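Asks: Fold the following for me, if possible:
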Amino acid sequence: MKKILFLPMILLLVLLFAACSGSDNEVNSGNDDQNNDQNNDQEQNNDEEQNNEQSADVPDRDFAAEGLPEYNQAIGDLEETTLEVWMAADYIDEAPVQDAIAEFMEVYPNINVETAGHTWGDMQDQVRLAVNGGAPPDLAHFHAFSMGNQGLAEPVDDLWEEWGAEEEFLPGAVDNVTWEGTKYGVPIDINTTFYLYNTEMFEEKNLSPPTTLEEFTEVSIEVADLDQGRYGFVPAASTWGLHGWMVSEGAEILTEEDGEWSTNFTDEKVLDVVKTYTDIATEHKVGPLPPAQARQSDHPVAMFGNERAAAIISGPFDISRIENEFPEMFDKVGTALLPGSGKGSVAGGGSMFVPKDSENREASFELMKWIISDKYAIRMADEMGRHPVKAHMYENELYADPLLEPFIETLQHAEQYYLEAFPEANSAYSDAFRNVFDGADIEEAFTEAQEKAEEALARSSNE
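Replies: From the prediction side, this is the model:
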C-alpha cells in the first residue's frame, strides 16, 4: 500500500520540476535575447568609436579662404609616416618653404617631414644614386620632365586628375613636369630671362637697351669703359641661359619627330647666336671670361651689383638678390626684353617630384600642393624672387612693379630647355660652349658635340 502511494508522489515531483525548468528556460531565453541585443549594440558602439579613433578629426578651418589646399582626409587617416624631402639648398632653408612644411605637419600631425638641402646641379645624380641603391627620398626637387624621361620619377597623372587644378596653371609650368604626355610632378616656380642694365651708365652714354643681336654687340661695346674697369656685358657659360637667346632668335638645338629626337648644334642660326654671345668676351673684350665653375649665376650678379658691368641677362630671382645684396645701387636697375628677332626666352623654374619606387607617393604629392599653395606662393615671390606657377597669382599687386614687366611679357613665350632630359647630349653641348670661351673654334667644337650627342641619343632610343 505504501509502495502504491509513493509512485504517484515521484511522478508529481518530476512534472513539477519539468514545469519549473521550462518556465526558467523561457525566462533565460528572453534574457539571452536581451543580452545579445545589448552585446550587439555595444559592439556597434565600439566599432564606431574605433572608426572615430582611426579617422582624424577635420580641423575647423576655412582652408580655401587661407589660400591653402582643402583638408585631405585620406592623408589625415594614414598611419604615422615620415617623408624624406630633398630640395635645392637655396630653397629649403628659406622661410616660405620652411613655414609651409611646418604648417602641413600641424594640420597632419601623423606626417613627419625631414628635409635636406642639395646643390641644384648635383640633384639628379644624387637622386639617380638613391633610386638605383633602393633608398629613394619621398620628394625631390629638379625638372620633373627630365627625371621622368630618365625613369627616375613616378608618374602622377592620377593624382593630378583627383586634384582637378590643372587649369589654374601656366602652360609653361605644366611643361616642366610633363614628358611625352605624362606628368611626373608638380611645378614649384617659374621664371625666364631678360635684360638687366644700369640706367645711370646707359644715360651717361645716351643709350637705350638693345633690341636685336646686332644692337646687343654695338651697345655692349659703347657702354663699356675699360679704363674705369667697367665692362659692357657679363656673359655666363650656362647653356640654360644661352637657350634664352636661342628661343628669342628662333634657333632650335633639339627637334622631335614621331618620337625620335635629334640635335641641331651645327645649324647656322645656332652658331650665329653662340658667336655673337661669346665674342663679347673673346673678340671684343668688353665682357669678362666666365669663371670655370659649375654655378654660373653668381659672377654676373656680383659684377653688375658692384657696378663693374653695365648689363647682364638674368631672371626675376636676381632682381630680389640685387635688392638685398646691393641696395645702394638698386634704384639704378632697369629691365628690358631679351635682344632678338623674335619673342620669348628660356622657361625656368623647377618642380617637385616623387622619385621612382618611393613608398609615400600620395603624402608627398599632398605636401607639394601645400608648398605651392597661394598662401606660400606669394611669399616665395615676394621674399625669394621665385614666382608662382598659377595664372591667377599674377593679379597680385606685387606684379605692378615695372621692373617685372619684361618678365611677365616674356613668360608667355618662354620655352623649356628640353636638352636637359638627355644628360649625355646636354653635357656634350655644354662642353662645346665652355670650350669656345677657352679659345676653341666654334664650328669644330659644336660639330664634335653634335656627333657625341647623336651617339648618346641613339643609345637612349635603343634602351
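
Asks: mind checking how far the residue lying closest to residue 88 once chain neighbours are set aside is from residue 161?
Replies: Closest residue in space to residue 88, ignoring its immediate chain neighbours: residue 120 at 4.5 Å, by C-beta to C-beta, 6 or more residues apart in numbering. From N, CA and C alone the C-beta is placed, and that goes for glycine too. According to C-beta to C-beta, to the nearest Å, residue 120 and residue 161 sit 30 Å apart.

Asks: neighbour count winner among these two?
Replies: residue 120 (18 against 10; other C-beta atoms under 10 Å).

Asks: Just the pLDDT for the more buried one.
Replies: If you check residue 120, the pLDDT there is 90.

Asks: Need the residue closest to the centroid of this structure.
Replies: residue 351 (1.4 Å; C-alpha atoms, centre = their mean).

Asks: what distance separates the helix or strand containing residue 365 from the centre of its chain?
Replies: Element membership of residue 365 [criterion: DSSP states H and E] is helix 361-371. Its chain's C-alpha centre and that of helix 361-371 lie 12 Å apart, by C-alpha atoms, centre = their mean, to the nearest Å.

Asks: For this structure, just list every one of the strands.
Replies: For the chain, the strands defined by DSSP state E cover 81-88, 111-118, 140-142, 178-179, 182-183, 185-187, 191-192, 194-198, 254-257, 260-263, 311-314, 333-336, 347-348, 351-353.

Asks: how about those strands, which one is nearest residue 69?
Replies: Closest approach to residue 69 among those is made by strand 185-187 (11.3 Å; C-beta to C-beta).

Asks: Okay, now the sheet partners of that closest one, with direction.
Replies: Here strand 185-187 is paired, per DSSP bridges, with strand 351-353 (antiparallel).

Asks: would CSV of the strands of the chain with distance to residue 271 be doable?
Replies: What follows is the strands of the chain, written out as CSV (distance: least, C-beta to C-beta, whole Å):
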stretch, distance to residue 271
strand 81-88, 33
strand 111-118, 35
strand 140-142, 30
strand 178-179, 28
strand 182-183, 34
strand 185-187, 32
strand 191-192, 24
strand 194-198, 22
strand 254-257, 15
strand 260-263, 13
strand 311-314, 19
strand 333-336, 25
strand 347-348, 23
strand 351-353, 31
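
Asks: Out of these, which is closest to residue 393?
Replies: strand 185-187 (12.3 Å).

Asks: Run through who's touching the closest one.
Replies: Strand 185-187 is touched from outside by 144, 147-148, 153, 156, 169, 173-174, 176-177, 349-354, 365, 368-369, 372, 389, with contacts defined as C-beta atoms under 8 Å, 6 or more residues apart in numbering.

Asks: bridging residues for residue 140?
Replies: According to DSSP bridges, beta-bridge pairing links residue 140 with residue 353.

Asks: Ramachandran coordinates for the residue lying closest to residue 299 once chain neighbours are set aside?
Replies: Leaving out its chain neighbours, the residue that sits closest to residue 299 by C-beta to C-beta, 6+ apart is residue 291, at 5.4 Å. Main-chain torsions, residue 291, degrees, to the nearest 10: phi -70, psi 150.

Asks: Residue 291: neighbouring residues, count only.
Replies: Neighbours around residue 291, by other C-beta under 10 Å: 11.

Asks: any idea how far it is from residue 433?
Replies: Residue 291 is 14 Å from residue 433, by C-beta to C-beta.

Asks: pretty sure residue 192 is touching residue 407, no?
Replies: Yes. Counting by C-beta atoms under 8 Å, residue 192 does reach residue 407; the two are 6.5 Å apart.

Asks: ranges for the helices of the stretch 351-463 of the chain?
Replies: 361-371, 374-379, 405-411, 423-437, 442-462 (DSSP state H, counting those that start in this stretch).
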